[in-house]
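# below are the sequence and a predicted model; questions follow.
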Amino acid sequence: MQLIAIPDRWMHSFFRLRTQLLFLALASILFFVVYESLLAGNVGGIIARNKVPADRIYYEGIFGNIPGASLAFAGILVLAVLFYKQLRSAILWFEGRPKLFLATCGMILVAVQITTMLSVRSIPYDDSLAYLKLSDTLFNHHAYVNDAGLPTSYWPVGYPAYLMSLKVFIGNTIAAARVMNVVIALALVVTLFAVFKSWLSDREQLVFILVTALFPNLVLSSNVILSDYLFTLFLWIAVWIYLRRKHSIASFAAMGLVLAVMSYLRPVALLLPLVVVAALWWGGEWKACRYAALAGLLVFVVVLAPWTVRNYRVFGAFVPISTNGGYNFRMGSHPGASGGVNHDFDYNVANPDEAEESANAFKAGEEEIFHHPLQTIVRMPKKIFELYRRGDSSLSWAFKRTEKPLNPFLLSFLFYATNASSYFVVYLGLVTILGCFVFRKTLAIHPLLVILYLYVILVTLVFVGSERYLIPVLPVHQFLAAKFLSSGAKS
């Protein structure tokens with residue numbers, strides 16, 4: 001197995017955990033000063049111009065309390081610095097017993113998610129509502145059709161089919177989906193530990209478990225009716241199968257099945273077999289694995305074939321999964337494209353020939369790129385910025401619309417803490433990579449993870465940036481952060 005050299009441990013004062021916690025606390029205080037003196041008025045004006053009442057109320061509550069939330073977050077960090085030795089001792093008590101620590105953090109994760117699920121009545125909207133409507137249509141009419149009663153493939157069929165199956169076997173779709181979200185979150189943490197543990201020391205395993213199991217965006221995901229974490233779970237199951245295979249046809253067949261299921265959830269997975277091939281090639285294993293890999297590809301194609309044939313019969317075109325590819329491509333390549341999710345472009349969603357409309361959007365996007373290459377280049381860093389800009393998707397999708405209003409200060413604090421935690425994990429990953437060049441230290445990470453991460457970046461550059469696209473590969477950042485944090489735990 002070929003490995004790539006990236007940083008392991010260092011003891012320079014800048015890279016110590018307490019220094020970074022204090023730095024984050026000072027950054028929160030600085031945010032308070034800058035927001036109160038420069039930003040409050042402008043942010044308030046932007047929120048007031050929002051035409052969606054639910055969004056306006058949600059963000060008014062958050063940003064009306066964000067100064068206090070930032071100070072509260074800074075206060076918690078200062079306490080963590082003051083009681084650093086005690087916190088470190090509590091965690092290191094589990095050293096050599098990572099499974100016990102995994103069980104402990106898993107129970108905390110489940111307890112918080114169940115408490116959230118029982119205490120907050122979230123109202124699905126936008127994407128979540130579309131998934132639920134399509135699942136009801138599948139259940140009631142045994143057909144995948146839109147509101148007009150016409151066959152559709154605009155939304156990938158995988159998640160609506162999953163919701164429908166929950167209704168068949170359990171009954172209440174929303175309640176069942178939320179219970180399953182708890183199972184998915186716990187399964188994801190266990191899977192990530194299984195994937196990364198061989199590259200981590202005993203102490204690093206503890207920190208990695210802590211960072212993944214109690215990551216705020218995951219902890220708050222129980223009420224969210226979206227495919228994000230289900231897709232992420234399948235992705236890391238596929239990675240686990242890849243890393244533990246023995247060049248067998250059975251292993252690659254299982255991987256092909258998992259990647260096909262992922263494709264039904266998100267068409268972005270359609271090219272993941274190429275990622276696997278690239279990793280085999282990079283690791284010098286392609287020759288030994290090529291026949292098994294081709295068997296896995298055959299399983300992948302066979303599992304996708306029924307839906308692809310259905311789409312060809314409906315639209316008369318090759319549509320492997322969904323017809324929204326053109327929409328997403330045009331979203332990132334039109335005159336007013338911001339780099340992130342936006343809908344300010346022409347697209348006839350009422351066109352019964354969804355494949356034709358998607359092809360038209362692809363063509364329009366290609367013309368925009370061809371005729372305005374400079375603007376296209378300028379949009380690329382904007383797309384990357386949008387990929388990392390926020391880390392609170394679970395909070396927004398679960399708490400933006402609820403049956404009863406939630407405490408605005410609590411929402412503001414959760415919003416600030418969730419985003420700050422996301423930024424901090426990404427930042428620590430970058431600092432870890434920086435340490436490779438500064439201190440010339442190394443650790444092992446498999447090429448597959450590097451290629452997978454680069455694939456997400458490439459997809460973002462081609463289509464559009466969104467924090468939800470980063471969720472599946474965020475564990476790579478969490479791994480790097482764990483290496484950093486465990487190094488700092490010594491000092």
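Here it is on my side, so go on.
# longest helix of the protein?
helix 408-439 (DSSP state H).
# show me what counts as buried in that helix.
408-409, 411-429, 431-432, 435-436 (16 or more other Cβ atoms under 10 Å). From N, CA and C alone the C-beta is placed, and that goes for glycine too.
# now the helices for the stretch 151-300 of the chain?
158-169, 173-196, 202-213, 216-219, 228-243, 249-265, 272-282, 286-315 (DSSP state H, counting those that start in this stretch).
# with mean neighbour count and mean pLDDT added, can I get the ones you listed in TSV?
Output for the helices of the stretch 151-300 of the chain, formatted as TSV (neighbours: other Cβ atoms under 10 Å; pLDDT from 0 to 100):
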stretch	mean neighbour count	mean pLDDT
helix 158-169	19	95
helix 173-196	20	96
helix 202-213	24	93
helix 216-219	22	96
helix 228-243	22	97
helix 249-265	22	96
helix 272-282	19	94
helix 286-315	16	95
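# which stretch among these comes nearest F101?
helix 202-213 (5.4 Å; Cβ to Cβ).
# quick one: contacts for the nearest residue to L186 once chain neighbours are set aside?
Once flanking residues are discounted, L186 sits nearest to G106: 5.4 Å by Cβ to Cβ, 6 or more residues apart in numbering. G106 makes contacts with L186, V189, V190, A213, as judged by Cβ atoms under 8 Å, 6 or more residues apart in numbering.
# mind doing that once more with 7 Å?
L186, V189, A213 (Cβ atoms under 7 Å, 6 or more residues apart in numbering).
# isn't L186 right up against V112?
No: taking Cβ atoms under 7 Å as the definition, L186 is not a contact partner of V112, at 11.6 Å.
# tell me what the longest helix of the chain is packed against?
Applying 3 or more Cβ pairs under 7 Å, 6 or more residues apart in numbering; DSSP states H and E, we find helix 408-439 packed against helix 17-34, helix 53-64, helix 66-82, helix 216-219, helix 393-399, helix 474-488.
# any residues touching the fifth one, and which ones?
Read it as helix 393-399. 120, 122, 128, 217, 220-221, 223-224, 226, 228, 406, 411, 414-415, 418, 467-468.
# which of the residues in that helix are buried?
Those would be S393, S394, L395, S396, W397, A398, F399, for helix 393-399 by 16+ other Cβ under 10 Å.
# any idea how many residues pack against H343?
For H343, the neighbour count with other Cβ atoms under 10 Å is 8.
# do A359 as well
For A359, using other Cβ under 10 Å, the count is 17.
# keeping just the C-alphas, turn the helix or strand containing it into CSV.
Per DSSP states H and E: A359 is located in helix 354-371. Only the C-alpha atoms of helix 354-371 are listed here, as CSV (Å, rounded to 0.1, in the frame of the first residue of the first chain):
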residue,chain,number,x,y,z
GLU,A,354,-36.7,17.4,-18.2
ALA,A,355,-33.8,15.9,-20.1
GLU,A,356,-34.2,18.5,-22.9
GLU,A,357,-34.4,21.3,-20.4
SER,A,358,-31.3,20.0,-18.6
ALA,A,359,-29.4,19.8,-22.0
ASN,A,360,-30.4,23.4,-22.8
ALA,A,361,-29.1,24.5,-19.4
PHE,A,362,-25.8,22.7,-20.0
LYS,A,363,-25.5,24.4,-23.4
ALA,A,364,-26.3,27.8,-22.0
GLY,A,365,-23.7,27.3,-19.3
GLU,A,366,-21.1,26.2,-21.8
GLU,A,367,-21.7,29.3,-23.9
GLU,A,368,-21.3,31.5,-20.8
ILE,A,369,-18.0,29.9,-20.1
PHE,A,370,-16.8,30.2,-23.7
HIS,A,371,-17.9,33.8,-24.2
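# what helices and strands are in contact with it?
Using 3+ Cβ pairs under 7 Å, 6+ apart, the elements in contact with helix 354-371 are helix 325-331.
# list the helices and strands the helix it packs on packs on?
helix 354-371.
# show me which residues of the helix it packs on are buried.
354-362, 364-365, 368-369.
# wait, which of the residues you listed is closest to G41?
Taking the buried residues of helix 354-371 together and measuring to G41 by Cβ to Cβ, the closest member is E368, at 35.0 Å.
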